[in-house]
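>>> what would the 3D arrangement of this be:
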Amino acid sequence: MKFVSSSEARSNLSGVMDMAQHDHVVVTRQGRPAVVIMGVANLDPEQVALGLDDALWEEIERARAGKYVSSAQMKRELGIRK
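Numbering: from 1, shown residues only. From the prediction side, this is the model:
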């Protein structure tokens, strides 16, 4: 993980974007973390969308906690018919 100030990020956005393809970049404002930039150049749009899907991450956390559900229940929760 790399850290850059917001002024550095503004003046060298292209370089920060390049860095983010290899490592997460934390942009700080007044010395405190403000945002994280992560590269997605090697991902397809579906992978990016799924990575940002809160419902998917909730299901992953539930599974990790050992709170499994049946496929029928999952389909009901996701609104899938069949």
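
>>> biggest helix in this protein, by residue count?
Counting residues, the longest helix in the chain under DSSP state H turns out to be helix 54-64.

>>> can you pull the buried residues of it?
residue 59 (16 or more other CB atoms under 10 Å). Where you see a C-beta, it was placed from the backbone N, CA and C, and this is true even at glycine.

>>> got the contact list for that helix?
Applying CB atoms under 8 Å, 6 or more residues apart in numbering, the contact partners of helix 54-64 are 50, 68-69, 74, 78.

>>> which of these lies closest to residue 9?
Comparing the contacts of helix 54-64 against residue 9 with CB to CB places residue 50 closest, at 26.6 Å.

>>> for the closest one, grab the count of nearby residues.
Residues within reach of residue 50, counting by other CB atoms under 10 Å, total 12.

>>> what do you get for residue 75?
Using other CB under 10 Å, residue 75 has 13 other residues around it.

>>> also residue 40?
As a burial measure, residue 40 scores 12 neighbours (other CB under 10 Å).

>>> now, of the contacts of helix 54-64, which are buried?
Not one of the contacts of helix 54-64 meets the buried threshold, by 16+ other CB under 10 Å.

>>> ok, which pair from those is furthest apart?
50 and 68, at 19.9 Å, using CB to CB across the contacts of helix 54-64.
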